[in-house]
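Chemist: can you look at this prediction? I've put the sequence above it.
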Amino acid sequence: LVSGNNVTVEASKKPIQPRSKMIFGNKPTDGGYLFLTQEEKEYLESNEPYSTQFIKPVLGAKEFLHGEQRWCLWFEEADLDELMKYPLIKQRLEGVKQKRAESDAQSTRDYAKYPHLFRQIAQPKSGNYILVPGVTSERRQYVPIGFYGYEVIATNLVNIIPNGTIYDFAILTSLIHNDWMRLVTGRLESRYRYTSTIVYNTFPFPNTTDAQKQKIENLAEEILLARASNAGMTLAELYDPDKMPEDLKKAHSNLDEAVDKLYRPQGFANTEERLAHLLARYEQLIKAEKQSKAKKKTKQSK
């Protein structure tokens, strides 16, 4: 229970404030034929060296959290007719084509004619992106998130913020954002299911000065440095409450305190205070948005 008005947080297709957009990663719908184990990668490269240019590291939530290595065939810029000249590649593409042709969904069956492409493509063509796993353990105080370059392919089992900034990273990894996530998110069994529409888009970001923003970015860098100093541990281990290293705990605590004080100078004593403040702010933002839409509608009618 949280003190305040009886506010219902509703899913939103876009952020309630101007900010970077969060989207799903790339959806393959390929029957597994566009993915490679390390052994399959080595076999394909050895027997059809032409394929090497199209083999990219790929991350879903499992690979991201547990540091597992996986590969995919990424043919976005390739010519299908040229690809079909190579027997091993052709065999995989024929598998994709057949799987899609057998789908109950007409849109997927239609996409059988593009067997070399992921069914839905959201991959940035340059820069870095922030990765947020779609599902994460309820034991964690923080949802682990990270930065990756555009050459690392993200699947639809994660959310991404193309060209996300270190400030975006800081706010999303803060305790106040994670408290909000726990309040509004759905669940897969008992695990948290992070989605942009109900968690990210509805979260009230704080207002900041340039100086405040710089401080927050510096503290976020300390978290990344603490992770790097414990490089032998996976993110799943780093954010396991029983294994979390002291330097990482301290870095998060410093950031949490600073982000709390962006919302109000005295910060917050506990989760209940944070959520009460966020819900009140959310209510204000939604009200302002409705008033803005009403004014635009009035002007248009005139």
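Modeler: Received, thanks. Fair warning: this is a prediction, and the values are worked out from it, not measured in the lab. Numbers count the residues shown, from 1 in each chain.
Chemist: buried stuff in the longest helix belonging to the chain?
Modeler: Identified as the longest helix of the chain according to DSSP state H is helix 271-301. For helix 271-301, the neighbour count (16 or more other C-beta atoms under 10 Å) marks 271, 273-283, 285-286 as buried. C-beta coordinates here come from the backbone N, C-alpha and C atoms, glycine included.
Chemist: what ranges does the chain have for its helices?
Modeler: Counting by DSSP H, the chain has helices at residues 38-47, 61-66, 80-83, 87-101, 106-110, 166-173, 175-184, 210-229, 235-238, 246-263, 271-301.
Chemist: neighbouring contacts of the second one?
Modeler: By that I understand helix 61-66. 68-70, 131, 133-136, 144, 146, 157-158, 234-236 (C-beta atoms under 8 Å, 6 or more residues apart in numbering).
Chemist: how about 6 Å then?
Modeler: Applying C-beta atoms under 6 Å, 6 or more residues apart in numbering, the contact partners of helix 61-66 are 70, 133-135, 157-158, 234-236.
Chemist: quick check: the gap between the nearest residue to residue 208 once chain neighbours are set aside and residue 44.
Modeler: Once flanking residues are discounted, residue 208 sits nearest to residue 262: 5.8 Å by C-beta to C-beta, 6 or more residues apart in numbering. Residue 262 sits 49 Å away from residue 44, going by C-beta to C-beta, to the nearest Å.
Chemist: also residue 151?
Modeler: For residue 151, the distance to residue 44 - C-beta to C-beta - is 18 Å.
Chemist: those two: which is more packed in?
Modeler: residue 44 (22 against 11; other C-beta atoms under 10 Å).
Chemist: I figured the more buried one hits residue 51, correct?
Modeler: Yes - if you go by C-beta atoms under 6 Å, residue 44 and residue 51 touch, sitting 5.0 Å apart.
Chemist: the residue lying closest to residue 140 once chain neighbours are set aside: what's it in contact with?
Modeler: Among residues not flanking residue 140 along the chain, residue 239 sits closest, at 4.8 Å (C-beta to C-beta, 6+ apart). For residue 239, the contacting residues are 140, 142, 144, by C-beta under 6 Å, 6+ apart.
Chemist: of all the contacts of helix 61-66, which comes closest to residue 251?
Modeler: residue 235 (14.4 Å; C-beta to C-beta).
Chemist: was I right about that closest one contacting residue 144?
Modeler: Yes - here residue 235 reaches residue 144: they are 4.2 Å apart, a contact under C-beta under 6 Å.
Chemist: and the pLDDT at the residue nearest to residue 208?
Modeler: Per-residue pLDDT puts residue 262 at 98.
Chemist: swap in the one 4 residues further on?
Modeler: Residue 266 is assigned a pLDDT of 97 by the prediction.
Chemist: correct me, but residue 222 touches residue 253?
Modeler: No - the pair residue 222 / residue 253 is not scored as a contact, 10.6 Å apart, by C-beta under 6 Å.
Chemist: which of those two has more residues huddled nearby?
Modeler: A direct count of neighbours by other C-beta under 10 Å for residue 222 and residue 253 places residue 222 higher, at 16 against 12.
Chemist: show me what contacts the residue nearest to the more buried one when sequence neighbours are not counted?
Modeler: Sequence neighbours aside, residue 251 is the residue nearest to residue 222 in space, at 4.4 Å (criterion: C-beta to C-beta, 6+ apart). Residues near residue 251 by C-beta under 6 Å, 6+ apart: 222-223, 226.
Chemist: same check on residue 235?
Modeler: Applying C-beta under 6 Å, 6+ apart to residue 235 gives the contacts 65, 144.
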